[in-house]
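S.K.: Pasting a predicted model and its sequence here:
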Amino acid sequence: MAQGRIAGLFGIAPQNVHIRSPFLGGGFGSKGMISGPQVLGILAARLVGRPVKLVLRREQMYGPVGHRAPTRQTLRMGMDGEGLLTAISHHARTTSSTFDDFFEPAADASHTLYASPAIATSHDAVRLDTGTPLFMRAPGEATGSIALESAIDEAAHACGMDPLEFRLRNYAEVEPMTGKPFSSKALRECYEQAAEAFGWASRPLQPRRMRDADGFLTGWGMGTATFPALMFQAEARAVLRADGSGLMETGAQDMGQGAWTAFAQIAADGLGLDIDQVDFRAGSSDLPNAGIAGGSGHTATAGMAIHNAGAAVIANLADLATGDEASPLFGAGNEGVVARGGRLYRRDDESRGESYAEILVRAGLTEIEGRGKGAPDPASQETYAKHAHGAVFAEVKVDPDLGQIRVTRLVGAFAAGRVINPRLVRSQYYGGMIWGVSFALHEEAVTDRRSGRIQNANLADYHVPVNADVPSVEALLVHEDDPYVNALGIKGVGEIGITGTAGAVANAVWHATGVRPRRFPIRIEDLLG
């Protein structure tokens, strides 16, 4: 994507733009678009006619590369005597710059989670003389869910119901706004497993009922997590070599989430090789276009391209073998063979097979190639609503004299289809949940009203949580098979962890103090007023 945008900006052929993206951290969406610093580096290089390295100080990263827009949200809910939602109205006002049209779709968070016969969402935006807001981990869902989950918790209390019971009573069996069935939805299992691990059953219904041995107010809160299962466009190239090794190429980026590890696993599986036999190459615009590394869709999209490229090269190899009278696979046909461990076997008789190397050498080839694409299936998109789901439970301790809040425990359970690498998936959930705590209690960009610039542009004044702020985090992986989301059954995990978590923390603060937070991050003065 960046290659085409840069080529368009400077009026040059895309093939004359080469982008290399080695391992780097901290993309989170806002760096998914071309912004001023990249353009300045290119302009400088063209001006001096030499390579230019552009390095930004930490404080220069606040503003010029986007930020999460502030929102002011209003929710109204109607319930009947049984605690069933009869109406949801969610309006979000956000900001944008005077020179761009990006806005945060926060109210969209109310589209998919809770069943109601009447749902209305709306947005408006105010233009400000600031930098342009951009995508930031779970754009829309993160900001919208904290308001929605707070409102759901308040509605449960108004009905005299446990927050989990209220959510289950208003569980959406189909997508409320469209009526589509979900491709899969293991949210009930997420509620059950996370609640059991947390010990939710012993939670008092009323606030300010729990204190620890030191006299700190203790509160338990929960929130529901969700994020759409998106797919974009991607391509990949696979090669099998006569020495028995494989090559897989795609331009995919890795921003620290471990994408290349997962892609190498998918490549090895698709090629029927051990992972150490696969030469996986990525991170360059000279390779097949892997599309966007964002929207929690990178693994599904590029992974599908890799999977299909592997299937294509195996099919080409099978064509050689099953059409060769000298092969034990002769006459089996493409569907009659299976690839495993660097060999092709007959499905009807796995004692008959031969290695990739034997097939290629006999054909006089040093290698054979296959290409694959990843893209959403339009028919499936029309038929099913596709989302990952989860449940997050939080415990907080609040100093009754000072109003200081500490998160002491987080438990989340998530269902996101097929899990390629459990360690990487848990890492993404941990990161999202910790950021949810940060959203609720720590992070705030303070804008100078005169200049429109961010005043606290350093890690001393812009607070982010450290280990002591989140001492216990548990992420449970809930099994979920989804034959409809895509051929691999994969849903994204990069952003869902932040959704639901901030709301869970806010609801725990209410349960501890009896004060309902209305702005974020929650400040001490919000509890002492």
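M.R.: Everything's here; your move.
S.K.: Flag every buried residue along stretch 240-259.
M.R.: Neighbour counts over stretch 240-259 (16 or more other CB atoms under 10 Å) mark 240-242, 245-255, 257-259 as buried. C-beta: built from backbone N, CA, C; applies to glycine.
S.K.: Out of these, which sit inside helices?
M.R.: Using DSSP state H, the subset of these located in helices is residue 259.
S.K.: Give me the subset of the buried residues of stretch 240-259 lying in strands.
M.R.: The members of the buried residues of stretch 240-259 that map onto strands under DSSP state E are 240-241, 246-249.
S.K.: Let me have these in JSON lines, adding distance to residue 273 and pLDDT as columns.
M.R.: Output for these, formatted as JSON lines (distance: CB to CB, whole Å; pLDDT from 0 to 100):
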{"residue": "240", "distance to residue 273": "8", "pLDDT": "98"}
{"residue": "241", "distance to residue 273": "10", "pLDDT": "97"}
{"residue": "246", "distance to residue 273": "5", "pLDDT": "98"}
{"residue": "247", "distance to residue 273": "10", "pLDDT": "98"}
{"residue": "248", "distance to residue 273": "10", "pLDDT": "98"}
{"residue": "249", "distance to residue 273": "15", "pLDDT": "98"}
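S.K.: can I see the domain layout of this structure?
M.R.: Per the record, the chain has its domains at 2-55, 71-230+381-528, 234-375, by automatic domain parsing.
S.K.: Turn the ones in strands among the buried residues of stretch 240-259 into TSV, including distance to residue 377.
M.R.: Converted to TSV, those look like this (distance: CB to CB, whole Å):
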residue	distance to residue 377
240	27
241	32
246	27
247	28
248	23
249	24
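S.K.: So, low pLDDT: which residues of the stretch 401-529 of the chain?
M.R.: For the stretch 401-529 of the chain, applying pLDDT under 70 flags the ranges 529.
S.K.: How about the chain?
M.R.: Residues of the chain that meet the criterion pLDDT under 70 lie in 24-26, 529.
S.K.: how about the domains of the chain in a markdown table, adding distance to residue 63?
M.R.: As requested, these are exported to a markdown table (distance: least, CB to CB, whole Å):
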| stretch | distance to residue 63 |
| --- | --- |
| domain 2-55 | 10 |
| domain 71-230+381-528 | 4 |
| domain 234-375 | 20 |
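S.K.: So which of the ones you listed is nearest residue 65?
M.R.: Residue 65 sits nearest to domain 2-55 of all these, at 4.9 Å, using CB to CB.
S.K.: End to end on the closest one, go ahead and measure it.
M.R.: With CA to CA, to the nearest Å as the measure, the ends of domain 2-55 fall 19 Å from one another.
S.K.: and the strand or helix carrying residue 191, which residues are buried?
M.R.: Following DSSP states H and E, one finds residue 191 within helix 187-198. Residues 187, 189-195, 198 are the ones in helix 187-198 that count as buried (16+ other CB under 10 Å).
S.K.: For residue 419, grab phi and psi.
M.R.: The phi/psi pair for residue 419 (degrees, to the nearest 10) reads phi -100, psi 120.
S.K.: measure it to residue 297 for me?
M.R.: Counting by CB to CB, to the nearest Å, the separation of residue 419 from residue 297 is 16 Å.
S.K.: How about residue 349?
M.R.: Applying CB to CB to residue 349 and residue 297 gives a distance of 41 Å.
S.K.: What of residue 435?
M.R.: Going from residue 435 to residue 297 by CB to CB gives 19 Å.
S.K.: just residue 366 next, same as before
M.R.: 36 Å.
S.K.: Pick the one among the ones in strands among the buried residues of stretch 240-259 closest to residue 415.
M.R.: Proximity of those to residue 415 (CB to CB) peaks at residue 248, which lies at 28.5 Å.
S.K.: so what's the closest one bridging to?
M.R.: residue 238, residue 280 (DSSP bridges).
S.K.: Just the endpoints, please. Distance across stretch 122-135?
M.R.: End-to-end distance of stretch 122-135 (CA to CA): 19 Å.
S.K.: distance between the one helix or strand residue 409 maps to and the chain's centre?
M.R.: Assigning secondary structure by DSSP H and E places residue 409 in strand 405-415. For strand 405-415, the separation from the chain centroid amounts to 18 Å (computed by CA atoms, centre = their mean, to the nearest Å).
S.K.: Just the angle for the helix or strand that it is followed by relative to strand 405-415, thanks.
M.R.: Counting by DSSP H and E, the next helix or strand C-terminal to strand 405-415 is helix 422-441. Interaxial angle, helix 422-441 versus strand 405-415 (axes from the mean of the first three to the mean of the last three CA atoms, to 10 degrees): 140 degrees.
S.K.: mind listing what residue 163 touches?
M.R.: Going by CB atoms under 8 Å, 6 or more residues apart in numbering, residue 163 touches 152-153, 156-157, 221-222, 507.
S.K.: no no, residue 405
M.R.: Contacts of residue 405 (CB under 8 Å, 6+ apart): 396-398, 441, 509, 522, 524, 527.
S.K.: Who does it form a beta bridge with?
M.R.: Bridge pairing for residue 405 - DSSP bridges - gives residue 398.
S.K.: May I ask which two of the contacts of residue 163 are separated the most?
M.R.: Greatest spatial distance in these: 157 and 222, 12.6 Å, computed using CB to CB.
S.K.: didn't residue 161 look like it was pressed against residue 83?
M.R.: Yes - with contact defined as CB atoms under 8 Å, residue 161 and residue 83 form a contacting pair (5.4 Å).
S.K.: got any residues that touch both of the two?
M.R.: residue 169.
S.K.: separation between residue 487 and residue 302?
M.R.: Distance from residue 487 to residue 302, by CB to CB: 13 Å.
S.K.: Residue 171 - how many residues pack around it?
M.R.: 14 (other CB atoms under 10 Å).
S.K.: swap in residue 110?
M.R.: Residue 110: 28 neighbours (other CB under 10 Å).
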